[in-house]
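> Have a look; sequence and predicted model below, questions after that.
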Amino acid sequence: MNIHEYQAKEILKRFDVPVPCGRLALSVEEAVAAAADLSGQVWVVKAQIHAGGRGKAGGVRLCRSVEEVREAADGLLGSTLVTHQTGASGKRVNRLYVEQGVSIAREYYLSLLVDRESESVSFVVSPAGGMAIEEVALASPEKILTCPIDGSAGLTADDCATMIAMLGLGEAAAAAFPALAASLYRAFCESDCSLLELNPLIETTDGALIALDAKMAIDDNALYRHADFSAMRDLDEEDPREIEASAHGLNYIALDGRIGCMVNGAGLAMATMDIIQLKGDRPANFLDVGGGVTVHAVCEAFKLLFSDQQVKAVLVNIFGGIVRCDIIAQGLLEAIRTHPMQVPVVMRLVGTNEEQGRRLIHEAGLDVRWAADLDQAAELAVAAAKGI
Ligand code: ADP
Ligand code: MG
């Protein structure tokens, strides 16, 4: 689960990570009141969307009077922001964060992530902060340091020294760094994060280190441990199809291809997506209906695929072990009562209760294209999407 910058900063504050003072604002009046409430003469009005690159896209506005805050808030609220991370359609701005302006001496990059290569939590730091780190990684990879943290030893003084050297911190900032790194490490582990990114982490003109931007992703599997995080979910930021699917306990991820997939088992679902690509087309989604699936959930899954305008053909790939083929067939029959099949459906239906499943579909007179194996199923689906 991704959360907003202001929510991430709220969590970081609990772990004593220095962040600028700020207030959430849902209206222009709230933004103006927030600026008046925060002391100082400079404010930054920041669009809260689940995407970076807001600064370059005009989503972060520096204001030198309350009147400018009003204008910035008025311009941003309800607007659509297109950044290099939002895709072409952009994201609508529904929330603003009004923050005190901070005088920046230097901008650094610092993140923590679950590093599969070193099988540990790693810090990633760079003195080239503030800009797109992907570009730094391409143009000057030597400016990025990955520092794996030994899980049993925790963050050590040596780790800190290595990162301080890489960042080239001044004396005051270097002195502040170990406590900051320890707080971030604790925040990351105790909040069950999969990513915590400060871009930029800044050094102020008087040598203090402050998290100026914060992106936090929480491991969904750990959400049950954090009752307060669930309230941070912002459904406006999520794909409506994924929200619908999760309400029915389906593991569904929307993608940008045109072949709708219904599969049982995550591994088989991945293989199905791969083979679609291999045959020259692209999946419209990942969908693992799971083992103990009900007719109702299968029905909802088919409805999701049939109502997706992007989907030009549906590929059902069921290798029934725990899941029964007749349940899949019943789910399909249930779905077409309200969502008639308007695109070709290719079925590879083998395993438990295979005959019953096929019989149900034949008896209903459904025009599905049968495939004997996955290879043939993918070929038929790719052809069907082309109108063949
Ligand atoms: P994004 O990464 O989405 O562009 P950031 O939060 O990183 O958004 O903000 C972009 C830039 O705006 C920062 O690199 C920094 O230069 C400036 N900025 C952000 N917040 C503040 C602030 N509170 N005070 C001063 N400058 C800020
Ligand atoms: Mg940033």
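All right, it came through fine. Ligands and ions are numbered 1, 2, ... in the order given.
> For the protein, which residues are neighbours of ligand 1?
Residues of the chain that fall close to ligand 1, judged by CB under 6 Å from any ligand atom: 20, 44, 46, 52-55, 60, 99, 101-102, 104, 107, 130, 199-200, 212-213. Every residue, glycine included, has its C-beta placed from N, CA and C.
> restrict these to contacts with ligand 2.
Among the residues of the chain next to ligand 1, the ones lying near ligand 2 by CB under 5 Å from the ion are Asn199, Asp213.
> could you pull out the helices for the stretch 1-150 of the chain?
Ranges of helices in the stretch 1-150 of the chain, per DSSP state H, counting those that start in this stretch, are 5-14, 28-37, 66-76, 133-139.
> For the second one, buried residues please.
By neighbour count on 16 or more other CB atoms under 10 Å, the buried set for helix 28-37 is Val28, Glu30, Ala31, Val32, Ala33, Ala34, Ala35.
> Please tell me how far His362 sits from Ala329.
Noted for His362: a distance of 10 Å to Ala329, by CB to CB, to the nearest Å.
> swap that for Gly151, sorry
Gly151 is 48 Å from Ala329, where distance means CB to CB.
> quick one, which of the two is more surrounded?
Legend: neighbour count by other CB atoms under 10 Å for Gly151 and Ala329, higher for Ala329 (29 against 10).
> Touching, that one and Leu349? I think so.
Yes - with contact defined as CB atoms under 8 Å, Ala329 and Leu349 form a contacting pair (7.5 Å).
> what's the overlap in contacts for these two?
Common contacts of Ala329 and Leu349 (CB atoms under 8 Å, 6 or more residues apart in numbering): Gly357, Arg358.
> could you dump stretch 329-340 to CSV, C-alpha only?
The C-alpha coordinates for stretch 329-340 follow below in CSV (Å, rounded to 0.1, in the frame of the first residue of the first chain):
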residue,chain,number,x,y,z
ALA,A,329,-18.0,-22.8,-15.5
GLN,A,330,-20.8,-21.9,-13.0
GLY,A,331,-19.2,-18.6,-12.4
LEU,A,332,-19.1,-17.9,-16.1
LEU,A,333,-22.7,-18.8,-16.5
GLU,A,334,-23.6,-16.6,-13.6
ALA,A,335,-21.6,-13.7,-15.0
ILE,A,336,-23.2,-13.7,-18.5
ARG,A,337,-26.6,-13.2,-17.1
THR,A,338,-25.7,-9.5,-16.5
HIS,A,339,-22.5,-9.3,-18.6
PRO,A,340,-23.0,-11.0,-22.0
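> Pull out the buried residues from that stretch.
Ala329, Gln330, Gly331, Leu332, Leu333, Glu334, Ala335, Ile336.
> again, but for stretch 72-92
Buried residues in stretch 72-92, counted by 16+ other CB under 10 Å: Ala72, Ala73, Leu76, Leu77, Leu81, Val82, Thr83, Thr86, Lys91.
> need the contact list for His248.
Neighbouring residues of His248 by CB under 8 Å, 6+ apart: His296, Ala297, Glu300, Ala301.
> What separation do you get for it and Ile328?
Per CB to CB, His248 is found 15 Å from Ile328.
> Next: Asp367.
Asp367 is 17 Å from Ile328, where distance means CB to CB.
> These two: who's more crowded?
Using other CB under 10 Å as the criterion, Asp367 and Ile328 rank with Ile328 on top: 26 against 8.
> Work out for me the element that one sits within.
helix 325-338 (DSSP states H and E).
> quick one: strands adjacent to the helix or strand following that helix?
Counting by DSSP H and E, the next helix or strand C-terminal to helix 325-338 is strand 345-351. In the sheet, strand 345-351 lines up against strand 313-320 (parallel), strand 369-370 (parallel) (DSSP bridges).
> winner for burial among those?
Mean neighbours per residue, mean count of other CB atoms under 10 Å, is largest over those for strand 313-320, with a mean of 25.
> That one vs helix 325-338, what angle?
150 degrees (axes from the mean of the first three to the mean of the last three CA atoms, to 10 degrees).
> and Asn264, what does it touch?
Asn264 is in contact with Asp288, Val289, Gly290, Gly291, Val293, Ile318, Phe319, Gly320, Gly321, Val323, counting by CB under 8 Å, 6+ apart.
> so where's the protein uncertain?
Of all residues in the chain, none has pLDDT under 70.
> how many neighbours does the residue of it found nearest ligand 2 have?
For the chain and ligand 2, the shortest gap (CB to the ion) falls at Asp213, measuring 3.5 Å. With neighbours defined by other CB under 10 Å, the count for Asp213 comes to 22.
> Quick check: it touching Leu196?
No - Asp213 is beyond contact range of Leu196, at 11.3 Å (criterion: CB under 8 Å).
> which outside residues touch stretch 287-301?
Residues contacting stretch 287-301 (CB under 8 Å, 6+ apart): 244-245, 248-253, 260-266, 268-269, 304-305, 321-323, 327-328, 330-332, 334-335.
> Alongside ligand 2, which residues does the stretch 51-200 of the chain contribute?
Taking CB under 5 Å from the ion as the measure of proximity, the stretch 51-200 of the chain contacts ligand 2 at Asn199.
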